[in-house]
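Colleague: how does the following fold in three dimensions:
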Amino acid sequence: MSYSERWQELFGPIDGGPAMKLASTAPDSGGGGGGGNMDLKHSKGPWTSASGTAGDLRTSTETSRSALGPGHEGIDSGAAGLSSLATLKTVLTSWEERLQSVRDECEQLKGTLLKVAKEMGETDAAVDASFKGVDGGSKADEKR
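Modeller: The predicted model follows:
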């Protein structure tokens, strides 16, 4: 018996009333992400994707940060005598520090999100193992 079938048996409609469904295991193509194997999987889903996005953001932030310095080369001679030169250097330093902080935070998030994906995958395996010992029976919960 699949998880979805077991869920319907335990929490399905009573006397034709509204039913609850696990969206992640819905067999219809209208929005469930279950696909063909009907197993809920976190490790290949949102946590891993978010980790990849954090890694990508870290890379692009570092690329932008490292381009700031060369983009300001020659500014000393080109803006000599202007009172805004000191302000421009202060702003440059401020942006380099901010982008470095964002880069470092994304690096930390990438690792944390991968750890969550791994833990969720291990939880999936534990839940799967716990269902193996449950007798599916042939009738819905008689106490409802």
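
Colleague: please pull out the lowest mean pLDDT helix or strand from this structure.
Modeller: Taking mean pLDDT, DSSP states H and E as the measure, the chain has helix 3-11 as its least confident helix or strand, at a mean of 67.

Colleague: in the helix or strand following it, what counts as buried?
Modeller: Reading on from helix 3-11 to the C-terminus, the next helix or strand found by DSSP states H and E is helix 46-71. Within helix 46-71, the residues that count as buried by 16 or more other C-beta atoms under 10 Å are 47-48, 50-51, 54-55, 57-58, 61-62, 65. C-beta here means a position set from N, CA and C on the backbone, and glycine is covered the same way.

Colleague: now swap in stretch 97-108 and tell me
Modeller: Per 16+ other C-beta under 10 Å, stretch 97-108 contains these buried residues: 99, 102-103, 106-107.

Colleague: low-confidence ranges in this structure?
Modeller: Where the chain drops to pLDDT under 70, the residues are 1, 3-4, 7-44, 122, 125, 135-144.

Colleague: got the contact list for stretch 88-98?
Modeller: Identification of contacts with stretch 88-98 by C-beta atoms under 8 Å, 6 or more residues apart in numbering yields 65, 68-69, 72, 75, 79.

Colleague: hang on, the earlier thing: give me the subset of the buried residues of stretch 97-108 lying in helices.
Modeller: 99, 102-103, 106-107 (DSSP state H).

Colleague: for the residues you listed, give me TSV that also has distance to residue 126.
Modeller: Below are these laid out as TSV (distance: C-beta to C-beta, whole Å):
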residue	distance to residue 126
99	41
102	36
103	35
106	30
107	30
